[in-house]
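>>> predicted model follows, preceded by the sequence.
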Amino acid sequence: MLEDVGAHIGVLISPEGFTKAAINRAYNNDTDLILEVLNFKELKDYQGVYTIPYAGDNAALIPAPLGWIVDSTQGNVWLASIYQRGLTLEEAMRANEWMYINFWRKDNVASDLDGLLKFQEKYMRRRHPDASISYDDHPPEKKGSETRVRIYEAKELPFIEYTGFVEFDKFILFCVLFTPRQLKKTNLQKLRYVMQRIQPLPVLQVQLLQDGKPPILASFIGHGERIYINYHYQSREIDKSK
């Protein structure tokens, strides 16, 4: 298809998805053919183009790549997940095609990006001793931040794991992508898109005391001229002597 018009890169959009034959053809094509799923009728039903996950005094504005949504409602181990629009998180996980976002607050265990990479590689080697761990020679550039893309492959796993790291002053954000091998080129571009557009945000946490009620922890997150406020009730007893 691309050869007919002399193009080097093409994007093919389907509202419902692609057959295995179409995926294999794109994967084996000499040119870059990107497959995207986007049902325009469903756009009005979703508000998941961006989210602002936070942990402690660190937060970030996370965008969703084309055809995917970003979800911060179901994370227990992670802060946010990113997956194909129209699917549930469970369906995306079964398809081995999704991402999750987490923060690493710099500490004595890992005070910079190199330290975090070494720390994570130790337990990754224990999980799959024969796995291949390498790094992209050309990670996406982000002004003022160091970035890396780690590639993790094990023969017994039905997917490739890519992890994009972006180092900020107080924390390191990492986004883990799981992708079938046939879709690695398309999905790696989505990971790079997220990494380039992540924005760190300041967080101010204030404890609000109420008479006879549990205290509330209010988190104020700044973004441009806007301030987002999140409240959490705390279950500990109030010391009324203070």
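The structure has been received and is ready for your questions.
>>> now Gln196, what's its secondary structure?
The three-state label given to Gln196 by DSSP: H, G, I helix; E, B strand; the rest coil is helix.
>>> how near is Thr88 to Asn28?
With distances taken as C-beta to C-beta, to the nearest Å, Thr88 is found 30 Å from Asn28. Any C-beta I mention is one placed from the backbone N, CA and C, and that applies to glycine too.
>>> and the two? Which one has more around it.
Taking other C-beta atoms under 10 Å, Thr88 and Asn28 do not tie; Thr88 has more neighbours (12 against 9).
>>> which ones are touching the nearest residue to Glu156 once chain neighbours are set aside?
Nearest residue to Glu156, sequence neighbours excluded (C-beta to C-beta, 6 or more residues apart in numbering): His128, at 7.3 Å. Under the criterion of C-beta atoms under 8 Å, 6 or more residues apart in numbering, the contact list for His128 reads 154, 156-157.
>>> in the residues you listed, which residue is surrounded by the most others?
Neighbour counts for the contacts of His128, by other C-beta under 10 Å, peak at Ala154, which reaches 17 neighbours.
>>> for that one, grab phi and psi.
With angles defined as degrees, to the nearest 10, Ala154 sits at phi -130, psi 140.
>>> counting neighbours, what do you get for Met124?
For Met124, the tally of surrounding residues (other C-beta under 10 Å) stands at 17.
>>> report the rounded mean pLDDT for the helix or strand harbouring it.
Assigned by DSSP states H and E, Met124 falls within helix 113-127. Taken as a whole, helix 113-127 has an average pLDDT of 93.
>>> what are the buried residues along it?
Neighbour counts using 16 or more other C-beta atoms under 10 Å place 113, 115-117, 120, 124 of helix 113-127 among the buried residues.
>>> now stretch 77-90
Of all the residues in stretch 77-90, those buried under the rule 16+ other C-beta under 10 Å are 78-87, 89.
>>> spatially nearest residue to Asn96 (excluding sequence neighbours)?
Nearest to Asn96 is Phe159, by C-beta to C-beta, 6+ apart, at 4.0 Å.
>>> let me know the pLDDT of that neighbour.
Per-residue pLDDT puts Phe159 at 96.
>>> how about the one 10 residues further on?
Residue-level confidence at Asp169 comes out at 92, pLDDT.
>>> can you tell me what sits against the helix holding Met124?
Outside helix 113-127, the residues that touch it by C-beta under 8 Å, 6+ apart are 104, 109-110, 131, 133, 146, 148, 150, 152, 165, 167, 172, 174.
>>> if we can go back for a sec, in a markdown table, list the buried residues of stretch 77-90 along with distance to Trp98, pLDDT and secondary structure.
Formatted as a markdown table, those follow (distance: C-beta to C-beta, whole Å; pLDDT from 0 to 100; DSSP: H, G, I helix; E, B strand; the rest coil):
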| residue | distance to Trp98 | pLDDT | secondary structure |
| --- | --- | --- | --- |
| Trp78 | 10 | 91 | coil |
| Leu79 | 14 | 90 | coil |
| Ala80 | 11 | 91 | strand |
| Ser81 | 6 | 93 | strand |
| Ile82 | 7 | 94 | strand |
| Tyr83 | 4 | 94 | strand |
| Gln84 | 8 | 92 | strand |
| Arg85 | 12 | 86 | coil |
| Gly86 | 13 | 85 | coil |
| Leu87 | 9 | 90 | coil |
| Leu89 | 7 | 92 | helix |
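>>> including distance to Tyr193, could those go into a markdown table?
Listed next are these as a markdown table, based on distance: C-beta to C-beta, whole Å:
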| residue | distance to Tyr193 |
| --- | --- |
| Trp78 | 19 |
| Leu79 | 18 |
| Ala80 | 15 |
| Ser81 | 16 |
| Ile82 | 10 |
| Tyr83 | 14 |
| Gln84 | 14 |
| Arg85 | 15 |
| Gly86 | 19 |
| Leu87 | 19 |
| Leu89 | 20 |
